[in-house]
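# Take a look and give me a structure for this.
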Amino acid sequence: MPIKIPDALPARHVLESENVFVIGETRAIHQDIRPLKILILNLMPLKIATETHLLRALSNSPLQVEVDFLMTSSHVSKNTPREHLFAFYKVFDEVRSSKYDGMIITGAPVELIDFEEVNYWSELTEIMDWSKTNVTSTFHICWGAQAGLFHHYGIKKFPLAKKMFGIFEHTVEQPEEPLMRGFNDVYHAPHSRYTEVKESEVAAHPDLLILSKSEQAGVYMVMSKDRRQIFVTGHSEYDATTLREEYERDVAKGLDIDVPYNYFPDDDPSKEPMVLWRSHASLLYSNWLNYYVYQATPFQLEQIK
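So this is what the prediction gives:
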């Protein structure tokens, strides 16, 4: 089944060139199938790239998915053309009265700022509270995961000695959980962050369950025990070149940055990166859509509570 996106969204041409099955709005209105409605709160500065990453990850499923993009009104993006935002994004007041089968909250480059000092923190917490009664399942990514764990459960973030940057091995801690169905015992996932949550604090919380972790990268995947909140501290949605682009950007800024771990062959940035996480990313998002959204959401959206 296809993923439904606006006819003119730039990601459509990229995805179609990769043989990803997408369907435009014009064609979709002639199909008598209720698609899953997914809301993506995109907090990343390069919004167009993030749209493509997430739509690619959501597309490998037999389910038809309809996506709305959400931006904060309390922070103006400087890295995405205003025409794009006006054409494809909504603000919270436009969706406040709506219900969604699923929601994704992305990361954001504000890790080293205290949560309460982020200029859109108040709006974000309002959206996160709203999601508890208006969304069947919410998937939080990287800083979005740390923000959700802090707001909902009081789990703090801590600065790392250096950036967690590269492709790391992870283990499955709860193999019986449907989100982990089909995962290898050891698999790879990208990380790109300056902060962490402590495994001991997450494990001690009575309402949280650690699904996966890494010896090097720490806690990776956490779930609320009611299965409505998913927290992923890495970036499984990243494409092949994202870490390289981040590395080259940081080098150009003169930052003291290590070569991404386990990413370039022989740690040589002149070589093409190795993609070790693609199958994991596809499985993670298809499992989420199937078991935590499609299997759990009511057919009538208005019944979500």
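
# And the helices in the stretch 101-250 of the chain?
121-134, 143-153, 199-204, 242-252 (DSSP state H, counting those that start in this stretch).

# Just name the most buried of those.
Each of the helices of the stretch 101-250 of the chain was scored by mean neighbour count; the highest is helix 143-153, a mean of 23, by mean count of other C-beta atoms under 10 Å. Every residue, glycine included, has its C-beta placed from N, CA and C.

# average pLDDT for that helix?
Average pLDDT, helix 143-153: 98.

# which other helices and strands contact it?
Packing partners of helix 143-153 (3 or more C-beta pairs under 8 Å, 6 or more residues apart in numbering; DSSP states H and E): strand 100-105, helix 121-134, strand 135-141, strand 186-196, strand 218-224, strand 229-232.

# Dump the ones you listed to CSV, plus distance to residue 39.
Shown next, in CSV, are the helices and strands packed on helix 143-153 (distance: least, C-beta to C-beta, whole Å):
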stretch, distance to residue 39
strand 100-105, 5
helix 121-134, 8
strand 135-141, 7
strand 186-196, 24
strand 218-224, 18
strand 229-232, 14
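
# Point to the helix or strand of this structure where mean pLDDT is at its lowest.
Averaged element by element with mean pLDDT, DSSP states H and E, the chain has its least confident helix or strand at helix 25-28 (a mean of 60).

# Pull out the buried positions in the following helix or strand past it.
Scanning forward in sequence from helix 25-28 by DSSP states H and E, the next helix or strand is strand 36-41. For strand 36-41, the neighbour count (16 or more other C-beta atoms under 10 Å) marks 36, 37, 38, 39, 40, 41 as buried.

# Quick check: beta-bridge partners of the last one?
Translated: residue 41. residue 70, residue 105 (DSSP bridges).

# Wait, it touches residue 102, no?
No - taking contacts as C-beta atoms under 8 Å, residue 41 lies outside contact range of residue 102: 11.7 Å.

# So for stretch 212-223, first residue to last residue, what's the gap.
End-to-end span of stretch 212-223 (C-alpha to C-alpha, to the nearest Å): 10 Å.

# from here on, count from 7
I'll keep to 7 as the first residue from here, and by that count the last item is stretch 218-229.

# taking the mean pLDDT, what do you get for it?
98.

# Which positions in that stretch come out as buried?
Using 16+ other C-beta under 10 Å as the test for burial, stretch 218-229 gives 218, 219, 220, 223, 224, 225, 226, 227, 228, 229.

# before we move on, back to that, to residue 278, which of the helices of the stretch 107-256 of the chain lies closest?
Of all these, helix 248-258 sits nearest to residue 278, with 8.9 Å by C-beta to C-beta.

# Contacts for the closest one, please.
By C-beta atoms under 8 Å, 6 or more residues apart in numbering, the list of residues contacting helix 248-258 from outside reads 55, 59, 171-173, 196, 198, 241, 263, 265-266, 269-270, 275, 279.
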